[in-house]
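Chemist: Everything below, folded, please.
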Amino acid sequence: MIIYLSNGNLIRGDLIKSAVLRSDMSPVPVTLEAEIRTDDDMTRYLSEGQILTIGGESGDALRIIKSNRVINRMVQGEREISAIQITAILDACHSIVFVRSRAIIKENSALSSIYRAAGANIKAIDADFPVPRFYCPIGDTPSFHITRALQEEGGIVRWKKGAISFIRLPDLFKTKAVMDLPNNASDDVDSGFLERHEIPWFYSLDEAGVVVIGNQKKPRSVRFSPFKNVQRLYNMSRCLIQKKVTKINLNARLVAGDLINFIDGVPLSIITAAHVF
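Modeler: Modelled structure (predicted):
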């Protein structure tokens, strides 16, 4: 795994004890967890707030939000070397995970505008869409409310080739598969019982006070959500279900949202791609 410090120096591979680079479908779609052997010269570049670049000098920039020195120390020759455990997230979106001291209130604003209002440094979102109502009160984190807006719109965001994009859930399975895998090379996950209890159907009220009903085809728990039309109520009961866990050789090109074709099975979308070094 290629990791550059903010001073432009490359972290040698033998100094990286472990690293997990994750791509997922959350509002901050890239994270890194790593343990790196270091000395006093490197320590300040692995502290909170510092920037790391993944995949080359023109790769993705990640900001360290947590940095802990490992207590166990080793001696190499006459030089004492310790290790630092870090957690870093995509720098362009890092500000949306912090609790707000000022509220964000927007109506009929594009998702990209909401990201920027929360402090994110993104120019645009591919397939952007307007959010009818967005409220993030004081003391809340914008990422939670962005997740809710995505659920109401029936889609996800992902980061690929240095850009963030929005994709509706049905469209994930209309893309071209990036690779083929045998159907028996994965561990199947059965979550039917949890699905019935954790995925509710919703109802709302229109402007005239008439009850608007969402998808109640299956027996589920019920929740009320104000200011929603039928389409949004149906979207809120639609989600991705984990069906498989697959371990393959390291392939850093795979990201969340890519489609995998399982031979003699059905195509499935990657929810989380964890690249382990």
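Chemist: Pull out the buried residues from stretch 116-127.
Modeler: Within stretch 116-127, the residues that count as buried by 16 or more other CB atoms under 10 Å are Arg116, Ala117, Ala118, Ala120, Ile125. Quick note: C-beta positions are derived from backbone N, CA and C, even for glycine.
Chemist: And that stretch, end to end?
Modeler: 16 Å (CA to CA, to the nearest Å).
Chemist: Stretch 254-273 now?
Modeler: With CA to CA, one end of stretch 254-273 sits 7 Å from the other.
Chemist: again, but for stretch 5-22
Modeler: 19 Å.
Chemist: For that stretch, which outside residues touch it?
Modeler: 1-4, 30-38, 42, 45-46, 50-52, 54, 57, 83, 252, 272-277 (CB atoms under 8 Å, 6 or more residues apart in numbering).
Chemist: and if you look at stretch 165-172?
Modeler: 111, 125-129, 150, 153-158, 238-240, 257, 259, 269.
Chemist: 7 Å instead, please
Modeler: 111, 125-129, 154-158, 238, 240, 257, 259, 269 (CB atoms under 7 Å, 6 or more residues apart in numbering).
Chemist: Can you tell me which of those is closest to Leu62?
Modeler: Nearest to Leu62 among the contacts of stretch 165-172, counting by CB to CB, is Arg158 at 15.9 Å.
Chemist: Skipping its backbone neighbours, what lies nearest the closest one in space?
Modeler: In this structure, Arg158 finds its nearest non-sequential neighbour in Gly257, 4.0 Å apart by CB to CB, 6 or more residues apart in numbering.
Chemist: isn't the one you found right up against Ser269?
Modeler: Yes: the criterion here is CB atoms under 7 Å, and Gly257 meets it with Ser269 at 6.2 Å.
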